[in-house]
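Novice: How does the following fold in three dimensions:
(one chain, ligands or ions: 1)
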Amino acid sequence: MIEVQDLTKRYGDRLAVDALSFTVRPGLVTGFLGPNGAGKSTTMRMIAGLDRPTAGRALVNGRPYAEHRAPLREVGLLLEAKAVHTSRSARDHLRALAATHGIDDRRVERLIELAGLREVARKRAGGFSLGMGQRLGIAAALLGDPATVILDEPVNGLDPEGVLWVRTLLRELAAEGRTVFLSSHLMSEMALTADHLVVVGRGRLIADLPVAELTARETTVLVRSPEAAVLTGHLLAEQATVAAVEQGLLEVGGLDAAAIGALAHRHGLPLHELTPRRASLEEAFMELTRDSVEYRAGVAA
Ligand SMILES: Nc1ncnc2c1ncn2[C@@H]1O[C@H](COP(=O)(O)OP(=O)(O)OP(=O)(O)O)[C@@H](O)[C@H]1O
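Specialist: Numbers count the residues shown, from 1 in each chain. Have a look, this model is predicted:
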(Lines give C-alpha, C1' and ligand atoms only; values in the text may rest on other atoms or scores of the structure.)
Protein backbone atom coordinates (compact mmCIF):
# COMPACT_ATOMS: atom_id res chain seq x y z
CA MET A 1 0.00 0.00 0.00
CA ILE A 2 1.23 3.48 -0.89
CA GLU A 3 -0.34 6.51 0.78
CA VAL A 4 0.41 9.93 -0.65
CA GLN A 5 -0.83 12.79 1.54
CA ASP A 6 -0.76 16.45 0.43
CA LEU A 7 2.55 15.73 -1.26
CA THR A 8 4.13 18.92 -2.63
CA LYS A 9 7.43 19.66 -4.39
CA ARG A 10 8.56 23.13 -5.34
CA TYR A 11 11.58 23.83 -7.54
CA GLY A 12 12.18 27.56 -7.24
CA ASP A 13 8.89 29.18 -8.26
CA ARG A 14 7.74 26.06 -10.07
CA LEU A 15 5.29 23.72 -8.31
CA ALA A 16 6.21 20.32 -9.78
CA VAL A 17 3.83 18.47 -7.43
CA ASP A 18 0.94 20.36 -5.90
CA ALA A 19 -0.76 18.95 -2.76
CA LEU A 20 -1.25 15.52 -4.28
CA SER A 21 -3.20 12.91 -2.27
CA PHE A 22 -4.06 9.37 -3.35
CA THR A 23 -3.77 5.77 -2.20
CA VAL A 24 -2.39 2.85 -4.22
CA ARG A 25 -4.01 -0.37 -3.05
CA PRO A 26 -2.73 -3.93 -3.01
CA GLY A 27 -4.09 -6.51 -5.44
CA LEU A 28 -4.46 -4.03 -8.31
CA VAL A 29 -2.28 -2.60 -11.02
CA THR A 30 -2.51 1.18 -10.62
CA GLY A 31 -1.39 3.31 -13.55
CA PHE A 32 0.03 6.79 -12.99
CA LEU A 33 -0.79 8.92 -16.03
CA GLY A 34 -0.17 12.47 -17.05
CA PRO A 35 1.24 14.58 -19.86
CA ASN A 36 5.00 15.26 -19.96
CA GLY A 37 6.11 17.33 -17.01
CA ALA A 38 2.97 16.55 -14.99
CA GLY A 39 5.05 15.52 -11.98
CA LYS A 40 4.95 11.71 -12.20
CA SER A 41 8.67 11.06 -11.84
CA THR A 42 9.02 13.64 -9.08
CA THR A 43 6.16 12.00 -7.16
CA MET A 44 7.70 8.55 -7.56
CA ARG A 45 11.10 9.84 -6.43
CA MET A 46 9.52 11.31 -3.31
CA ILE A 47 7.70 8.04 -2.58
CA ALA A 48 11.06 6.29 -2.88
CA GLY A 49 12.76 8.79 -0.56
CA LEU A 50 15.07 10.10 -3.31
CA ASP A 51 13.61 13.62 -3.25
CA ARG A 52 12.54 15.48 -0.15
CA PRO A 53 8.96 16.83 -0.28
CA THR A 54 8.47 20.56 0.25
CA ALA A 55 5.33 19.57 2.16
CA GLY A 56 3.19 16.51 2.80
CA ARG A 57 4.38 12.92 2.95
CA ALA A 58 4.37 9.54 1.24
CA LEU A 59 4.11 6.27 3.15
CA VAL A 60 4.94 2.83 1.80
CA ASN A 61 3.43 -0.03 3.77
CA GLY A 62 2.75 2.39 6.63
CA ARG A 63 6.03 4.31 6.90
CA PRO A 64 8.36 6.50 4.84
CA TYR A 65 10.47 4.43 2.43
CA ALA A 66 13.74 5.52 4.07
CA GLU A 67 12.61 4.12 7.42
CA HIS A 68 12.38 0.56 6.14
CA ARG A 69 15.31 -1.49 7.39
CA ALA A 70 15.45 -3.81 4.35
CA PRO A 71 13.94 -1.66 1.58
CA LEU A 72 14.55 -4.19 -1.23
CA ARG A 73 12.26 -6.60 0.61
CA GLU A 74 9.52 -3.98 1.01
CA VAL A 75 9.58 -2.06 -2.25
CA GLY A 76 10.82 -2.94 -5.71
CA LEU A 77 11.87 0.21 -7.53
CA LEU A 78 12.53 0.91 -11.19
CA LEU A 79 13.06 4.61 -11.73
CA GLU A 80 13.87 6.16 -15.13
CA ALA A 81 15.62 3.84 -17.51
CA LYS A 82 19.18 4.69 -16.72
CA ALA A 83 22.03 2.65 -18.05
CA VAL A 84 23.70 0.55 -15.39
CA HIS A 85 27.24 1.93 -15.44
CA THR A 86 29.06 -1.20 -14.48
CA SER A 87 31.68 -3.47 -15.93
CA ARG A 88 30.04 -6.32 -14.01
CA SER A 89 28.03 -8.95 -15.78
CA ALA A 90 24.25 -8.83 -15.35
CA ARG A 91 24.49 -11.86 -13.04
CA ASP A 92 27.19 -10.29 -10.87
CA HIS A 93 25.28 -7.00 -10.76
CA LEU A 94 22.21 -8.83 -9.40
CA ARG A 95 24.35 -10.91 -7.01
CA ALA A 96 26.00 -7.79 -5.59
CA LEU A 97 22.60 -6.19 -4.99
CA ALA A 98 21.25 -9.41 -3.48
CA ALA A 99 24.22 -9.66 -1.12
CA THR A 100 23.31 -6.32 0.50
CA HIS A 101 20.06 -7.94 1.70
CA GLY A 102 21.21 -11.50 2.37
CA ILE A 103 19.31 -12.74 -0.70
CA ASP A 104 20.73 -16.04 -2.00
CA ASP A 105 22.01 -16.87 -5.50
CA ARG A 106 19.08 -19.17 -6.25
CA ARG A 107 16.76 -16.17 -6.15
CA VAL A 108 19.13 -14.34 -8.55
CA GLU A 109 18.99 -17.28 -10.98
CA ARG A 110 15.18 -17.37 -10.78
CA LEU A 111 15.00 -13.70 -11.70
CA ILE A 112 17.48 -14.05 -14.55
CA GLU A 113 15.17 -16.75 -15.89
CA LEU A 114 12.00 -14.76 -15.27
CA ALA A 115 13.38 -11.63 -16.96
CA GLY A 116 14.58 -13.55 -20.01
CA LEU A 117 18.22 -12.64 -19.33
CA ARG A 118 19.76 -16.13 -19.38
CA GLU A 119 21.46 -15.65 -22.77
CA VAL A 120 23.08 -12.38 -21.72
CA ALA A 121 23.64 -13.01 -18.00
CA ARG A 122 27.41 -13.22 -18.49
CA LYS A 123 27.62 -10.08 -20.60
CA ARG A 124 28.70 -6.73 -19.22
CA ALA A 125 25.53 -4.98 -18.01
CA GLY A 126 27.01 -1.57 -18.89
CA GLY A 127 26.79 -2.50 -22.58
CA PHE A 128 23.12 -3.51 -22.53
CA SER A 129 20.53 -2.07 -24.91
CA LEU A 130 17.74 0.03 -23.34
CA GLY A 131 15.36 -2.95 -23.51
CA MET A 132 17.81 -5.37 -21.90
CA GLY A 133 18.63 -2.71 -19.29
CA GLN A 134 14.89 -2.45 -18.50
CA ARG A 135 14.69 -6.23 -18.03
CA LEU A 136 17.69 -6.12 -15.73
CA GLY A 137 16.16 -3.20 -13.80
CA ILE A 138 12.90 -5.10 -13.35
CA ALA A 139 14.78 -8.23 -12.22
CA ALA A 140 16.64 -6.07 -9.67
CA ALA A 141 13.37 -4.53 -8.46
CA LEU A 142 11.92 -7.97 -7.78
CA LEU A 143 15.00 -9.45 -6.05
CA GLY A 144 13.66 -8.98 -2.53
CA ASP A 145 10.22 -10.42 -3.37
CA PRO A 146 8.68 -7.05 -2.38
CA ALA A 147 5.02 -6.49 -1.49
CA THR A 148 5.06 -3.17 -3.34
CA VAL A 149 6.46 -2.46 -6.79
CA ILE A 150 6.99 1.06 -8.19
CA LEU A 151 8.00 1.31 -11.85
CA ASP A 152 8.58 4.52 -13.80
CA GLU A 153 7.86 3.90 -17.51
CA PRO A 154 8.70 0.16 -17.34
CA VAL A 155 7.94 -0.58 -21.00
CA ASN A 156 10.22 2.17 -22.29
CA GLY A 157 12.56 0.72 -24.90
CA LEU A 158 11.02 -2.75 -24.86
CA ASP A 159 10.10 -4.61 -28.04
CA PRO A 160 6.51 -5.93 -28.42
CA GLU A 161 7.46 -9.24 -26.83
CA GLY A 162 9.00 -7.34 -23.90
CA VAL A 163 5.90 -5.16 -23.52
CA LEU A 164 3.74 -8.28 -23.35
CA TRP A 165 6.14 -9.78 -20.81
CA VAL A 166 5.91 -6.71 -18.52
CA ARG A 167 2.13 -6.58 -18.85
CA THR A 168 1.73 -10.25 -17.90
CA LEU A 169 4.26 -9.97 -15.08
CA LEU A 170 2.56 -6.94 -13.52
CA ARG A 171 -0.86 -8.58 -13.72
CA GLU A 172 0.56 -11.66 -11.98
CA LEU A 173 2.20 -9.58 -9.24
CA ALA A 174 -1.12 -7.84 -8.56
CA ALA A 175 -2.98 -11.17 -8.60
CA GLU A 176 -0.60 -12.34 -5.86
CA GLY A 177 -1.89 -9.44 -3.74
CA ARG A 178 1.00 -7.04 -4.27
CA THR A 179 0.73 -3.30 -4.73
CA VAL A 180 1.76 -2.41 -8.29
CA PHE A 181 2.22 1.24 -9.27
CA LEU A 182 3.54 2.17 -12.70
CA SER A 183 3.77 5.35 -14.70
CA SER A 184 3.35 5.57 -18.42
CA HIS A 185 2.32 8.03 -21.07
CA LEU A 186 1.09 5.15 -23.25
CA MET A 187 -2.64 5.22 -22.66
CA SER A 188 -3.34 2.25 -24.89
CA GLU A 189 -0.87 0.20 -22.86
CA MET A 190 -2.48 1.29 -19.58
CA ALA A 191 -5.90 0.25 -20.85
CA LEU A 192 -4.56 -3.29 -21.18
CA THR A 193 -2.47 -3.39 -18.00
CA ALA A 194 -4.01 -1.22 -15.29
CA ASP A 195 -7.14 -1.75 -13.18
CA HIS A 196 -7.05 1.68 -11.64
CA LEU A 197 -5.73 5.06 -12.73
CA VAL A 198 -4.32 8.09 -10.97
CA VAL A 199 -4.21 10.94 -13.49
CA VAL A 200 -2.19 14.10 -12.88
CA GLY A 201 -1.71 17.35 -14.76
CA ARG A 202 0.48 20.30 -13.73
CA GLY A 203 1.30 18.49 -10.49
CA ARG A 204 -2.34 18.24 -9.46
CA LEU A 205 -4.69 15.30 -9.18
CA ILE A 206 -7.11 15.22 -12.11
CA ALA A 207 -8.70 11.82 -11.59
CA ASP A 208 -8.46 8.74 -9.36
CA LEU A 209 -10.75 6.07 -10.76
CA PRO A 210 -11.08 2.54 -12.19
CA VAL A 211 -10.01 2.22 -15.84
CA ALA A 212 -13.46 0.87 -16.74
CA GLU A 213 -15.09 4.02 -15.40
CA LEU A 214 -12.90 6.28 -17.52
CA THR A 215 -13.60 4.40 -20.74
CA ALA A 216 -17.33 4.09 -20.00
CA ARG A 217 -17.63 7.81 -19.35
CA GLU A 218 -17.82 9.25 -22.82
CA THR A 219 -20.21 6.97 -24.60
CA THR A 220 -22.02 8.23 -27.66
CA VAL A 221 -24.11 6.46 -30.28
CA LEU A 222 -23.75 6.79 -34.04
CA VAL A 223 -27.19 6.94 -35.62
CA ARG A 224 -27.75 6.72 -39.37
CA SER A 225 -31.19 7.54 -40.69
CA PRO A 226 -32.66 8.94 -43.91
CA GLU A 227 -34.88 10.99 -41.56
CA ALA A 228 -31.97 12.42 -39.55
CA ALA A 229 -33.38 15.95 -39.42
CA VAL A 230 -36.76 14.85 -38.02
CA LEU A 231 -35.06 12.46 -35.61
CA THR A 232 -32.79 15.28 -34.39
CA GLY A 233 -35.85 17.26 -33.27
CA HIS A 234 -37.17 14.31 -31.25
CA LEU A 235 -33.72 13.61 -29.73
CA LEU A 236 -33.26 17.22 -28.63
CA ALA A 237 -36.72 17.11 -27.02
CA GLU A 238 -35.40 14.19 -24.91
CA GLN A 239 -32.43 16.32 -23.73
CA ALA A 240 -29.94 14.33 -25.85
CA THR A 241 -26.94 16.06 -27.42
CA VAL A 242 -26.79 15.72 -31.20
CA ALA A 243 -23.92 16.41 -33.58
CA ALA A 244 -24.27 15.94 -37.35
CA VAL A 245 -21.28 13.88 -38.54
CA GLU A 246 -22.28 13.89 -42.20
CA GLN A 247 -25.47 13.82 -44.28
CA GLY A 248 -27.80 11.33 -42.55
CA LEU A 249 -25.37 10.43 -39.75
CA LEU A 250 -25.67 11.74 -36.17
CA GLU A 251 -23.52 11.32 -33.10
CA VAL A 252 -25.83 11.28 -30.10
CA GLY A 253 -24.90 11.70 -26.44
CA GLY A 254 -26.99 11.40 -23.30
CA LEU A 255 -29.20 8.52 -24.51
CA ASP A 256 -28.18 4.90 -25.02
CA ALA A 257 -28.75 2.86 -28.18
CA ALA A 258 -31.87 1.16 -26.78
CA ALA A 259 -33.52 4.48 -25.91
CA ILE A 260 -32.71 5.96 -29.33
CA GLY A 261 -34.06 2.85 -31.09
CA ALA A 262 -37.29 3.01 -29.07
CA LEU A 263 -37.68 6.74 -29.76
CA ALA A 264 -37.26 6.22 -33.52
CA HIS A 265 -39.73 3.33 -33.43
CA ARG A 266 -42.35 5.42 -31.59
CA HIS A 267 -42.16 8.05 -34.31
CA GLY A 268 -42.03 5.56 -37.17
CA LEU A 269 -38.57 6.70 -38.32
CA PRO A 270 -36.31 4.22 -40.12
CA LEU A 271 -32.79 3.59 -38.76
CA HIS A 272 -29.95 2.23 -40.91
CA GLU A 273 -27.33 2.15 -38.18
CA LEU A 274 -27.21 2.32 -34.38
CA THR A 275 -23.67 1.93 -33.05
CA PRO A 276 -22.59 2.61 -29.45
CA ARG A 277 -19.22 4.28 -29.55
CA ARG A 278 -17.02 3.97 -26.50
CA ALA A 279 -14.29 6.57 -26.13
CA SER A 280 -10.89 4.97 -26.11
CA LEU A 281 -8.78 5.51 -23.02
CA GLU A 282 -6.66 7.77 -25.21
CA GLU A 283 -9.61 10.05 -26.00
CA ALA A 284 -10.87 10.03 -22.42
CA PHE A 285 -7.39 10.94 -21.21
CA MET A 286 -7.04 13.79 -23.71
CA GLU A 287 -10.40 15.12 -22.58
CA LEU A 288 -9.38 14.93 -18.90
CA THR A 289 -5.98 16.56 -19.31
CA ARG A 290 -6.88 19.07 -22.02
CA ASP A 291 -6.72 22.06 -19.68
CA SER A 292 -3.32 21.20 -18.26
CA VAL A 293 -1.84 20.59 -21.72
CA GLU A 294 -3.30 23.81 -23.13
CA TYR A 295 -1.88 25.72 -20.22
CA ARG A 296 1.58 24.28 -20.84
CA ALA A 297 1.41 25.05 -24.56
CA GLY A 298 0.36 28.61 -23.70
CA VAL A 299 3.34 29.06 -21.41
CA ALA A 300 5.71 27.71 -24.03
CA ALA A 301 4.38 30.16 -26.59
N1 LIG B 1 15.50 18.70 -10.37
C2 LIG B 1 14.63 19.56 -10.89
N3 LIG B 1 14.83 20.89 -10.88
C4 LIG B 1 13.94 21.75 -11.38
N5 LIG B 1 12.78 21.40 -11.94
C6 LIG B 1 12.49 20.08 -12.00
C7 LIG B 1 13.39 19.09 -11.49
N8 LIG B 1 12.83 17.87 -11.67
C9 LIG B 1 11.66 18.09 -12.29
N10 LIG B 1 11.45 19.41 -12.49
C11 LIG B 1 10.24 20.01 -13.11
O12 LIG B 1 9.11 19.53 -12.44
C13 LIG B 1 8.04 19.27 -13.34
C14 LIG B 1 7.61 17.82 -13.22
O15 LIG B 1 8.60 16.95 -13.78
P16 LIG B 1 8.49 15.36 -13.76
O17 LIG B 1 9.74 14.84 -14.40
O18 LIG B 1 8.16 14.91 -12.40
O19 LIG B 1 7.25 15.11 -14.70
P20 LIG B 1 6.78 13.76 -15.41
O21 LIG B 1 5.30 13.73 -15.28
O22 LIG B 1 7.54 12.61 -14.88
O23 LIG B 1 7.16 14.04 -16.92
P24 LIG B 1 7.64 13.02 -18.10
O25 LIG B 1 6.43 12.29 -18.55
O26 LIG B 1 8.14 14.00 -19.12
O27 LIG B 1 8.71 12.17 -17.50
C28 LIG B 1 8.55 19.63 -14.72
O29 LIG B 1 8.13 20.93 -15.00
C30 LIG B 1 10.05 19.59 -14.56
O31 LIG B 1 10.68 20.48 -15.45
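
Novice: Rounded mean pLDDT for stretch 50-58, please.
Specialist: For stretch 50-58, mean pLDDT is 95.

Novice: Contacts for it next, please.
Specialist: Under the contact criterion CB atoms under 8 Å, 6 or more residues apart in numbering, stretch 50-58 has outside partners 2-10, 17, 19-21, 42-43, 45-47, 64-65, 79. C-beta here means a position set from N, CA and C on the backbone, and glycine is covered the same way.

Novice: what about burial for the residues you listed, which qualify?
Specialist: The neighbour count (16 or more other CB atoms under 10 Å) marks 2-4, 7-9, 17, 20, 42-43, 45-47, 65, 79 as buried among the contacts of stretch 50-58.

Novice: So which of these reach the ligand?
Specialist: Filtering those for neighbours of the ligand using CB under 6 Å from any ligand atom leaves residue 42.

Novice: Could you find the lowest-pLDDT member of the buried ones among the contacts of stretch 50-58?
Specialist: Minimum confidence in those sits at residue 79, scoring 86.

Novice: what number of residues lie near the residue in the stretch 51-200 of the chain that the ligand sits nearest to?
Specialist: Across the stretch 51-200 of the chain, the shortest distance to the ligand (CB to the nearest ligand atom) belongs to residue 185, at 5.4 Å. For residue 185, the neighbour count with other CB atoms under 10 Å is 15.

Novice: Quick one: residues contacting residue 180.
Specialist: With CB under 8 Å, 6+ apart, residue 180 has these contacts: 28, 29, 30, 148, 149, 151, 170, 173, 174.

Novice: in its sheet, what does whichever helix or strand it is part of sit against?
Specialist: Per DSSP states H and E, residue 180 falls inside strand 179-184. When pairs are called by DSSP bridges, strand 179-184 turns out to pair with strand 29-33 (parallel), strand 148-152 (parallel).

Novice: In this structure, where is pLDDT below threshold?
Specialist: In the predicted model of the chain, residues 81-85, 215-218, 279-281, 291-301 satisfy pLDDT under 70.

Novice: which bits of it sit near the ligand?
Specialist: For the chain, the contact set with the ligand under CB under 6 Å from any ligand atom comprises 11, 14, 16, 34, 36, 37, 38, 39, 40, 41, 42, 185.

Novice: neighbours of the second one, just the number please.
Specialist: Neighbouring residues of residue 14 were enumerated by other CB under 10 Å; the total is 9.
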